[in-house]
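[1] all I have is the shape, not the residue letters:
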């Protein structure tokens, strides 16, 4: 029986980062990654296969990351975990021993049980497996009328690619009153909707899908609860993802109400020598401390780094203190980004909030080419001044600007620190120093709180 | 005699921000700004008048900022301050009274006394006054062979514009062994040099200028101490700036050895009711606590916000805790940026340092269009793990990435916090979550320190 000091089940972002971190911190330990497929897709790049990237090959995580780091890649599927024996049984029949096990099995597209017609030809989910993606991509490329069910990030990014790059006739159907409702407050989400419409995407919000209608086994339309029918030659179900925790559940690990594997701050499960990271592992919100079903490659990688370091000796400094959801996306030349608690969630949680916002520009003077507006919105806690969350609409630099705001939230900075913050500025790269929107918004926030007090 | 609650001398970046902050915090106070010229240039935009911006009008700070904020703009020149009387005397003969005075007189180009030929026709400095800039811009546009003396940011940015946009024959002469030596370590500076050369700029380093040679009152060449002569139809002296502190000095204010007006953490001078901000005010390094003659619009604006808030009642939370120099510039499509102490300065100050670096990409997968490499270099203190400084070479997003690193330095974060930091990632906006260079560099730093321990 082959045996390794560390075995990681799953070889996408979090599995790879756990393995490389383990090798870096414990260079004398042997590490193997077991993955179902020979190749893995860059998860966040998947929507761009529907336009910007012209083949699946361009979206592959290079396997040399394993050889470069002295990690063994085993292509097989784990069928069971035996925690007492510290062994795994694979589909090939092979048994593999481990000293430490990391479950990084990710998530799979969610399709509700009640949804009729999901099995019709032309109805797809956005899987993370290359062989499945290949089918969706080539099918939707060959038709014109496409309905995307679900206006989350995957639905939105895929729709925008299909409409703007391949000029498809795309309709998003979203049950909630506006799209991206798990990531942005309405104001921001409405701006995304406007840009999608400009790119030719049709959007139906506040409408629940009843069933998928077919003809001769092939999809024909999406029928809505309000009686409408949206004709479709292909349907993409982008209704969210669920943790792949069946393997863990069968092995007796503690699974929470979201179906995620319970973990502590060191990413340890409740079972000896077993860790879990990424989409399959429980998330706890940094601020509210509640379970939070967010699934982001960036969060997964942060967890993976924690797990990798803590495998053989616990590090008091390297713990995971809760998930700060940091989102960013790009529609046309506009970036939409959020970090921490958005207003709607903060209110829902019972926080009092002060909203402070400022709209400026992302280069200066505003006469320079490629200037984009930059809007910053801060969600502040009036009792402490602490930054609960932030939202940004801007140009290309907003992707790192939201990371800066993410650091501020992680460092539990307050609005005074933000307002007195020193930044660097450059005409071609940032907002002007006189009107840097993050600082201006913080100043407005301070004054609002002063008046409130 | 006209009298105002707040009078600001100087109406560029820091003067304006002090005035608007004062109006926002103390809406019942009257505020006037006295400025020599009717229009003011966006300071950081000045180099781009030599190429990207096709007229001075495009680089003007709009004067409606005064009317919009209920601030009076007085176009005049202050000739003396009388601190006992709380009055100013202007060139027009008018006397103006103040309750609180803010000196924001900025800086002027430095030309050494010993430099012969600086008064020849065709020899210029880069002033911040529109009427002076107009002359330089039109003169250099009309000739071909231009020598820029000094390889700091102004020298570098102007040279790159002249060579790449206007296709001029440009040579930079720099006394130190490499350009931008006050901002970057050699490794980074050498890359800037390579890109400048690609854009057609010639660079002579380690060479001191002896004098400017003329013929019939017109510049002919720059003569170097090593005997070389560099032919020139125009010469731009970009040898740094000096604080405009004469007015303050004559009024008896304390001036430090750099010629800057001494200020405390509230930006107060040693004289009752007089504040100073921006290039004319003393800077103290955030880490080394030593005076630091850095002059940046972004720093000036941070100081201005502090002064504005503290004019009438001191705020214990709003103090200026020292300058973190955060630089960024762009040559072609590459951004160079630094925050905090670079390695050479840290060593000079007697710090032990650990250097941790990582080179990745700024979008992912690397097959996407417009991908740029992203190199991050951390300067770490091995005893505490605290981040002393950071340098970045990257694409457009590096301007905000360095601001994120600047926040980390301001928050006195250590390498462990950086390595366990949560970030957001997006294919079109950031490095991949699996290899985010800031985090990878931090991990490398942690391991280096561990080995060292």
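    Cool, got the structure. Keep in mind the model is a prediction, meaning the values are calculated, not measured.

[2] could you check the pLDDT of the spatially most central residue of chain A?
    Nearest to the mean C-alpha position of chain A, by C-alpha atoms, centre = their mean, lies residue A:296 at 2.6 Å. If you check residue A:296, the pLDDT there is 92.

[3] wait, doesn't it sit right on residue A:327?
    Yes - here residue A:296 reaches residue A:327: they are 7.3 Å apart, a contact under C-beta atoms under 8 Å. For the C-beta atoms, the positions are set from N, CA and C on the backbone; glycine is no exception.

[4] now do the shared contacts for the two.
    Shared contacts of residue A:296 and residue A:327, defined by C-beta atoms under 8 Å, 6 or more residues apart in numbering or on different chains, are found at residue B:424.

[5] quick revisit: spatially nearest residue to the residue nearest to the centre of chain A (excluding sequence neighbours)?
    residue A:325 (6.6 Å; C-beta to C-beta, 6 or more residues apart in numbering or on different chains).

[6] thinking the one you found is in contact with residue A:299, fair?
    Yes - Residue A:325 is in contact with residue A:299 according to C-beta under 8 Å; the separation is 7.2 Å.

[7] the more surrounded of the two?
    Ranked by neighbour count (other C-beta atoms under 10 Å in any protein chain shown), residue A:325 and residue A:299 place residue A:299 first, with 28 against 25.

[8] quick one, phi/psi of that one?
    The phi/psi pair for residue A:299 (degrees, to the nearest 10) reads phi -60, psi -40.

[9] report the separation between it and chain B.
    Counting by C-beta to the nearest C-beta, to the nearest Å, the separation of residue A:299 from chain B is 6 Å.

[10] who's in contact with that residue?
    A:283, A:323, A:325, B:422.

[11] now swap in residue A:323 and tell me
    A:283-286, A:292, A:294, A:299, B:422.

[12] what bridges to it?
    Note on residue A:323: beta-bridge partners residue A:285, judged by DSSP bridges.

[13] how about the residue lying closest to residue A:154 once chain neighbours are set aside, what does it touch?
    Excluding its sequence neighbours, the residue lying closest to residue A:154 (C-beta to C-beta, 6+ apart) is residue A:238, at 4.5 Å. Residue A:238 is in contact with A:109, A:125-126, A:148-152, A:154-155, A:158, counting by C-beta under 8 Å, 6+ apart.

[14] if we use 7 Å, what do you get?
    By C-beta atoms under 7 Å, 6 or more residues apart in numbering or on different chains, the residues touching residue A:238 are A:126, A:148-150, A:152, A:154-155, A:158.

[15] now it: how far from residue A:20?
    Distance, residue A:238 to residue A:20, using C-beta to C-beta, to the nearest Å: 30 Å.

[16] then residue A:426?
    Counting by C-beta to C-beta, the separation of residue A:426 from residue A:20 is 34 Å.

[17] out of the contacts of residue A:323, who's nearest residue A:116?
    The closest of the contacts of residue A:323 to residue A:116 turns out to be residue A:294 (C-beta to C-beta; 29.4 Å).

[18] what about the closest one, how many residues close to it?
    Neighbours of residue A:294 (other C-beta under 10 Å): 16.

[19] sorry, back to before: please say which of residue A:426 and residue A:20 ends up with more neighbours.
    Counted by other C-beta under 10 Å, residue A:426 and residue A:20 do not tie: residue A:426 has more neighbours, with 28 against 25.

[20] quick one: residue A:360 and residue A:438 touch, right?
    No - with contact defined as C-beta atoms under 7 Å, residue A:360 does not count as touching residue A:438 (9.6 Å).

[21] who's more crowded, those two?
    residue A:438 (26 against 21).

[22] residues in contact with the helix or strand where that one lies: which ones?
    Using DSSP states H and E, residue A:438 maps to helix A:437-452. Residues outside helix A:437-452 that contact it (C-beta under 7 Å, 6+ apart): A:354, A:356-360, A:374-378, A:380, A:382, A:385, A:405, A:415-416, A:418-419, A:421, A:431, B:24.

[23] one step back: next step: the contacts of residue A:238 restricted to helices.
    Here DSSP state H is the test, and the contacts of residue A:238 give A:154-155, A:158 as lying in helices.

[24] and these as JSON lines, adding neighbour count and pLDDT?
    Formatted as JSON lines, the ones in helices among the contacts of residue A:238 follow (neighbours: other C-beta atoms under 10 Å in any protein chain shown; pLDDT from 0 to 100):
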{"residue": "A:154", "neighbour count": "21", "pLDDT": "96"}
{"residue": "A:155", "neighbour count": "25", "pLDDT": "97"}
{"residue": "A:158", "neighbour count": "26", "pLDDT": "97"}
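
[25] where does the stretch 151-300 of chain A get nearest to chain B, residue-wise?
    Closest contact between the stretch 151-300 of chain A and chain B, by C-beta to the nearest C-beta, is at residue A:298 (4.0 Å).

[26] who touches that residue in this structure?
    A:326, B:422-425, B:433.

[27] show me where the stretch 351-453 of chain A has helices.
    Ranges of helices in the stretch 351-453 of chain A, per DSSP state H, counting those that start in this stretch, are A:398-410, A:415-419, A:437-452.

[28] returning to that earlier point: which ones among the contacts of helix A:437-452 lie within strands?
    A:354, A:356-360, A:374-378, A:380 (DSSP state E).

[29] ranges for the helices of chain A?
    A:13-25, A:64-68, A:130-142, A:153-164, A:186-198, A:246-250, A:297-310, A:343-348, A:398-410, A:415-419, A:437-452.

[30] quick one: is the first one near chain B?
    Yes - Helix A:13-25 lies within reach of chain B by C-beta under 7 Å from any C-beta of the partner chain, at A:13, A:16-17, A:24.

[31] which one (most neighbours) among the residues you listed?
    Using other C-beta under 10 Å as the neighbour test, the residues of helix A:13-25 next to chain B are led by residue A:13, with 30 neighbours.

[32] neighbours around the residue nearest to that residue when sequence neighbours are not counted, how many?
    The shortest distance from residue A:13 to any non-neighbouring residue, by C-beta to C-beta, 6+ apart, is to residue A:297 (4.6 Å). Residue A:297 is flanked by 26 other residues according to other C-beta under 10 Å.

[33] from residue B:397, how far out is the residue of the stretch 51-200 of chain A found nearest chain B?
    Nearest residue of the stretch 51-200 of chain A to chain B: residue A:58, at 3.9 Å (C-beta to the nearest C-beta). Distance, residue A:58 to residue B:397, by C-beta to C-beta: 21 Å.

[34] so which of the two has more stuff around it?
    residue B:397 (27 against 16).

[35] isn't that one right up against residue A:394?
    No - Residue B:397 is beyond contact range of residue A:394, at 11.1 Å (criterion: C-beta under 7 Å).

[36] what's the pLDDT at the residue nearest to residue A:5 when sequence neighbours are not counted?
    Nearest non-adjacent residue to residue A:5, counting by C-beta to C-beta, 6+ apart: residue A:29, 3.8 Å away. For residue A:29, the model assigns a pLDDT of 97.

[37] do the one 4 residues further on as well
    According to the model's per-residue confidence, residue A:33 sits at a pLDDT of 98.

[38] please apply the same query to the one 10 residues further on.
    The confidence metric pLDDT takes the value 91 at residue A:43.

[39] that one contacts residue A:295, doesn't it?
    No - counting by C-beta under 7 Å, residue A:295 is not a contact partner of residue A:43; they are 9.4 Å apart.

[40] which one's more surrounded, the two?
    Taking other C-beta under 10 Å, residue A:43 and residue A:295 do not tie; residue A:43 has more neighbours (25 against 21).

[41] what residues are up against that one?
    A:12-13, A:128, A:297.

[42] if I look at it, how far off is residue B:390?
    Relative to residue B:390, and taking C-beta to C-beta, residue A:43 is found at 28 Å.
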